[in-house]
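Visitor: I need the structure of the sequence given here:
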Amino acid sequence: MKISSIITKNSFFTLLFLAVLNIANAQEIRFGIFASPLISWMKTDVSQIKSNGPQIGFDAGLMMDKFFARRYAFSTGISINNMGGTLVYKNGKKGFQTSDTTINLNSNAVVKYNLQYIHIPFALKFRTTEIGYITYFAQVGFDPMINIKARANLPGFSNVNAGKEINPLYLAYHISAGLEYRIVGNTSLMANLTYMNGFTDVTNNSGSTSEKTVINRFELRLGVIF
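Guide: Next comes the predicted model:
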């Protein structure tokens, strides 16, 4: 009776150990590095402020995929990205704040914003099975960003500190699609195209304006996943 009990316990712990191994395999974690050239532009919800074209930027950092099933993963990471855009204030703007002064902008003043953020995305990733050496994937998620630098070019002033004009926290969402090309073992080259749109106001609406301004962007992400 005692021997049977020991065998039963051993069988239970053996099955439990195998189950833990299966869960661990299902929860594979992969890391990667990436660099992303991007195009961004700013837009508002008022007709008195117009977007004045796109701006070239760059995003680079680390990524992590934690798989909870064979083809599904939570995706996150951290990066430093540079983006922005140009706005035309058709009716001018009173009270544009820099680090050491306040400026009143005249009608049709053009302001170019150069912004830098710490970017920590949270997303769901969906993959196909491997076809040849290629795996296709799609991703959708949220993008909290913390502003760490804000500069602006405006009439009569160049590269001024515009941190007081920019909200410290910015939230956006993204959708993307791409592929991984396996080169050896678990190491793959990755490429994907991402579209990002803003949820919250990037500016703090100081002075005489009360618009909501968001940043949209397209980026081409190139990286290596291990």
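
Visitor: the helices in the protein, which residues?
Guide: Taking DSSP state H to define them, one finds helices in the chain at 2-26.

Visitor: Which stretches in it count as strands?
Guide: For the chain, the strands defined by DSSP state E occupy 29-44, 49-51, 55-69, 72-89, 93-97, 102-105, 109-119, 122-127, 134-154, 157-161, 169-184, 187-198, 213-225.

Visitor: and these, which one is worst for confidence?
Guide: Mean pLDDT is lowest for strand 93-97 among these, at a mean of 88.

Visitor: and that strand with strand 109-119, angle?
Guide: Angle of strand 93-97 versus strand 109-119, following axes from the mean of the first three to the mean of the last three Cα atoms, to 10 degrees, is 40 degrees.

Visitor: Show me the one of the strands of the chain that comes nearest residue 204.
Guide: Set against residue 204 and scored by Cβ to Cβ, these come closest in strand 93-97, at 8.8 Å. Every residue, glycine included, has its C-beta placed from N, CA and C.

Visitor: what helices or strands is that closest one leaning on?
Guide: Here strand 93-97 touches strand 102-105, strand 109-119, going by 3 or more Cβ pairs under 8 Å, 6 or more residues apart in numbering; DSSP states H and E.

Visitor: Sheet partners, orientation included, of it?
Guide: strand 102-105 (antiparallel) (DSSP bridges).

Visitor: For the partner strand, buried residues please.
Guide: Buried residues in strand 102-105, counted by 16 or more other Cβ atoms under 10 Å: 103, 105.

Visitor: Stretch 150-165 now?
Guide: Using 16+ other Cβ under 10 Å as the test for burial, stretch 150-165 gives 150, 151, 152, 153, 154, 160, 162, 163, 165.

Visitor: Now tell me what touches that stretch from outside.
Guide: If you take Cβ atoms under 8 Å, 6 or more residues apart in numbering as the criterion, stretch 150-165 is touched by 96-100, 103, 105-106, 109-116, 147, 149, 166, 203-204, 206.

Visitor: Need the buried ones from those residues selected in ChimeraX.
Guide: Buried members of the contacts of stretch 150-165, defined by 16+ other Cβ under 10 Å, are picked up in ChimeraX with:
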select :96,97,98,103,105,109,111,112,113,114,115,116,147,166,203,206
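
Visitor: sorry, back to before: would you list the helices and strands packed on strand 93-97 in a markdown table and tack on distance to residue 210?
Guide: Output for the helices and strands packed on strand 93-97, formatted as a markdown table (distance: least, Cβ to Cβ, whole Å):
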| stretch | distance to residue 210 |
| --- | --- |
| strand 102-105 | 15 |
| strand 109-119 | 16 |
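
Visitor: Of the ones you listed, give the one that comes closest to residue 131.
Guide: strand 109-119 (30.7 Å).

Visitor: quick one, that closest one and strand 169-184 angle?
Guide: Put simply, strand 109-119 runs at 60 degrees to strand 169-184, going by the same axes, to 10 degrees.

Visitor: which strands and helices sit next to strand 109-119?
Guide: Looks like strand 109-119 contacts strand 55-69, strand 72-89, strand 93-97, strand 134-154 (3+ Cβ pairs under 8 Å, 6+ apart).

Visitor: Since that was my last question, I'll sign off now.
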